[in-house]
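Visitor: sequence plus the predicted model coming up.
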Amino acid sequence: MLDVKKLDSKILSKFEVSDGRFKSGLARVQIDGKWGAVNRFGEMVLEAKYDEIDISNDYFDVGIRIGDKWGLSDVAGNILFEPQMDMEFDLYNTITIVKKDGKFGVITPAGFVIEPKFDELYTSENFESNVSVFICKVGDKFGLVTWQTKMLLEPICDEIGEFDFYSGIARVKIDGQTKWLSISGEILDENIELEDEDGWCLGCKIVYDEDSGEYGIKDINGKWIRKPTYDEIVDWTDEEILLWECLWDYSHYIFDPSNRTFLDYKMDSIEEISTYDDFYDDNYTTHGLIKITGWHGDNEEMQSSLLNQAGFEPEACYKGIVIDIDSRLMCGLRFVQYSGYNKWAFINSQGKIVTSAGFKDSNAKNLLLIDFDRNVHDAMFCAQDSKSGKFGIVDLASGKWLLKPKFDEPLDYVNGKWLS
């Protein structure tokens, strides 16, 4: 048995000032007027040197503030960004717009993907997070920018309206004159209205070429964006996905109509592209991510990759070893299942496998087998040791055994206690 309430109280009683409770496996504590964070092993995960610490229940991030600047840590105490931002921010599924030195940019755990140099930065409301093109503002002029600060249109517009989902065109004003702007950055003197919106997505359309017997992609001007070289193009577009699957030379590629480029991603076969837009409860949320399932390489089992839908920066692209990804996000960690072993591990927001000294082995063969049907509570879960076959309780924030595996049956969480 593990009495979590008694354990938490014992740890926090050592500090004069604390929150009195744990969130995401951590609790805020104050030493000499500065805030730090402690885990359920009594270890100081974050040194008590911050003016404020904000621990999130829903995501992996821990906001850290020194003076008027914010930074970010994960629940294991790894500093993702030293305090440098002008405002507190959440990396919503690993990507967010942030403000630094009065300028806006876009950041992920890997660093800036759009440098903070804009007075304003936002996406069209018609796309929300499903497009990799941003409207940017410098001074009193607007332009278009995509990932890695690639300018599609320098800030020359007095205003930019909403982009049409089908044609990918927005009304703009330049030097007081009304013009039209395609999402690719092209200025048009007149609007191009589609007679039939069926099959169009952001000014791109899948077209079958009868002469070659192959498929290509055209823009609203009738020009080939991608010449007909594909055996098939599958449109996965819906309210949450803006992706096309292109089959060429026995391989499957992913095309992003929003910036008219291919993702750095290839499979031998794609079975499904799906979204995680589910809210299991306040602690499980996966909005904004897509899961691609299919076959690749010599692996006989299907594999999955989890991609960030906004910009499609790979969050976890394992290619050949992962056959399933659990949709739940807890403390910023997701579970992955390894092919051939029926073993489960967990990954952090940067797609890295999280292990610790609490586990004897860190390779795929010997990672934990997770029972997802068991209750998961407050950054703890019931797990089975892959060697002994015994069950115990794992602290999700640290990846260590909170209650060592010595039970023959899974434990249940009842009124703040793990019971066998």
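Guide: Ah, there it is.

Visitor: where does the residue with the largest distance to the centre of the chain land in three-state SS?
Guide: Distance to the chain centre peaks in the chain at Asp211, reaching 41.8 Å (criterion: CA atoms, centre = their mean). Here Asp211 is coil, with the state taken from DSSP: H, G, I helix; E, B strand; the rest coil.

Visitor: please report the distance of it from Trp200.
Guide: Relative to Trp200, Asp211 is positioned 22 Å away (CB to CB, to the nearest Å). C-beta: built from backbone N, CA, C; applies to glycine.

Visitor: and if you look at His377?
Guide: Counting by CB to CB - His377 and Trp200 are separated by 47 Å.

Visitor: between the two, point out the one with more neighbours.
Guide: When His377 and Trp200 are compared for neighbours, Trp200 comes out ahead with 20 against 15, by other CB atoms under 10 Å.

Visitor: surely that one touches Asp164?
Guide: No - contact criterion CB atoms under 8 Å: Trp200 and Asp164 do not qualify, at 9.2 Å.

Visitor: tell me what Gln384 is bridged to.
Guide: Leu369, Phe391 (DSSP bridges).

Visitor: neighbours of it, how many?
Guide: Neighbours of Gln384 (other CB under 10 Å): 20.

Visitor: is it true that it touches Trp401?
Guide: No - contact criterion CB under 8 Å: Gln384 and Trp401 do not qualify, at 11.7 Å.

Visitor: what ranges does the stretch 151-300 of the chain have for its helices?
Guide: Here the stretch 151-300 of the chain has no helices by DSSP state H, counting those that start in this stretch.

Visitor: what residues sit buried inside stretch 24-33?
Guide: Neighbour-count burial for stretch 24-33, counted by 16 or more other CB atoms under 10 Å, picks out Ser24, Gly25, Leu26, Ala27, Arg28, Val29, Gln30.

Visitor: please flag which of the residues you listed sit within helices.
Guide: Using DSSP state H, no member of those falls within helices.

Visitor: want to throw these into TSV with pLDDT?
Guide: Below are the buried residues of stretch 24-33 laid out as TSV (pLDDT from 0 to 100):
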residue	pLDDT
Ser24	82
Gly25	86
Leu26	91
Ala27	93
Arg28	95
Val29	96
Gln30	95
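
Visitor: kindly reformat these as TSV containing distance to Leu188.
Guide: Formatted as TSV, these follow (distance: CB to CB, whole Å):
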residue	distance to Leu188
Ser24	49
Gly25	53
Leu26	53
Ala27	57
Arg28	54
Val29	59
Gln30	59
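
Visitor: for Leu7, which three-state class applies?
Guide: Classified using three-state DSSP, Leu7 is helix.

Visitor: that one: neighbour count?
Guide: Neighbour number of Leu7 under other CB under 10 Å is 17.

Visitor: the spatially closest residue to it that is not a sequence neighbour and Ala397, how far apart?
Guide: The shortest distance from Leu7 to any non-neighbouring residue, by CB to CB, 6 or more residues apart in numbering, is to Arg40 (6.4 Å). Distance, Arg40 to Ala397, using CB to CB: 8 Å.

Visitor: give me the more crowded residue out of the two.
Guide: More crowded of Arg40 and Ala397, by other CB under 10 Å: Ala397, with 32 against 22.

Visitor: wait, that one touches Leu26, no?
Guide: Yes - counting by CB under 8 Å, Ala397 does reach Leu26; the two are 6.0 Å apart.

Visitor: isn't Asp408 right up against Phe391?
Guide: Yes - assessed by CB under 8 Å, Asp408 is found in contact with Phe391 at 7.3 Å.

Visitor: now do the domain split for this protein, please.
Guide: Here the domain parsing of the chain from automatic domain parsing is 1-93, 95-193, 268-419.

Visitor: of those domains, which shows the lowest average pLDDT?
Guide: Here those differ in mean pLDDT, and the lowest is domain 268-419 at a mean of 61.

Visitor: against Ser258, how distant is Asn221?
Guide: With distances taken as CB to CB, Asn221 is found 18 Å from Ser258.

Visitor: and the two? Which one has more around it.
Guide: Legend: neighbour count by other CB under 10 Å for Asn221 and Ser258, higher for Ser258 (26 against 10).

Visitor: that older thread, quick one, what contacts the residue nearest to Leu7?
Guide: By CB atoms under 8 Å, 6 or more residues apart in numbering, the contact list for Arg40 reads Leu7, Asp8, Ile11, Phe22, Gly25, Asp395, Ala397, Ser398, Leu402.

Visitor: widest-spaced pair of those residues?
Guide: By the measure CB to CB, Asp8 and Ser398 form the most distant pair in the contacts of Arg40, at 14.6 Å.

Visitor: neighbour count for the two, which is higher?
Guide: Taking other CB under 10 Å, Asp8 and Ser398 do not tie; Ser398 has more neighbours (24 against 18).

Visitor: so that one, which state does it fall into?
Guide: Applying three-state DSSP: Ser398 is coil.

Visitor: tell me how far the nearest residue to it once chain neighbours are set aside lies from Ala379.
Guide: Take Ser398 and drop its neighbours on the chain: the residue closest to it by CB to CB, 6+ apart is Asn39, 5.5 Å away. Computed as CB to CB, the Asn39 to Ala379 distance reads 9 Å.

Visitor: now do the contacts for Asn191.
Guide: For Asn191, the contact set (CB under 8 Å, 6+ apart) comprises Ile169, Arg171, Trp180.

Visitor: what is the nearest of those residues to Glu115?
Guide: Using CB to CB, Ile169 comes nearest to Glu115 of the contacts of Asn191, at 27.4 Å.

Visitor: who does that closest one form a beta bridge with?
Guide: Here Ile169 sits in beta bridges with Ser182, as judged by DSSP bridges.

Visitor: what's the answer for the one 5 residues further on, then?
Guide: Note on Ile174: beta-bridge partners Gln177, judged by DSSP bridges.

Visitor: re the thing from before, who touches both of Ala397 and Leu26?
Guide: With CB under 8 Å, 6+ apart as the test, Ala397 and Leu26 both reach Asn39, Val45, Val75.

Visitor: contact partners for the closest residue to the last one other than its chain neighbours?
Guide: Excluding its sequence neighbours, the residue lying closest to Val75 (CB to CB, 6+ apart) is Ala397, at 4.2 Å. Applying CB under 8 Å, 6+ apart, one finds that Ala397 lies in contact with Ser24, Gly25, Leu26, Asn39, Arg40, Val45, Val75, Ala76, Cys331, Ala379.

Visitor: of the shared contacts of Ala397 and Leu26, which is the most crowded?
Guide: Highest count within the shared contacts of Ala397 and Leu26 by other CB under 10 Å belongs to Val75, 30 neighbours.
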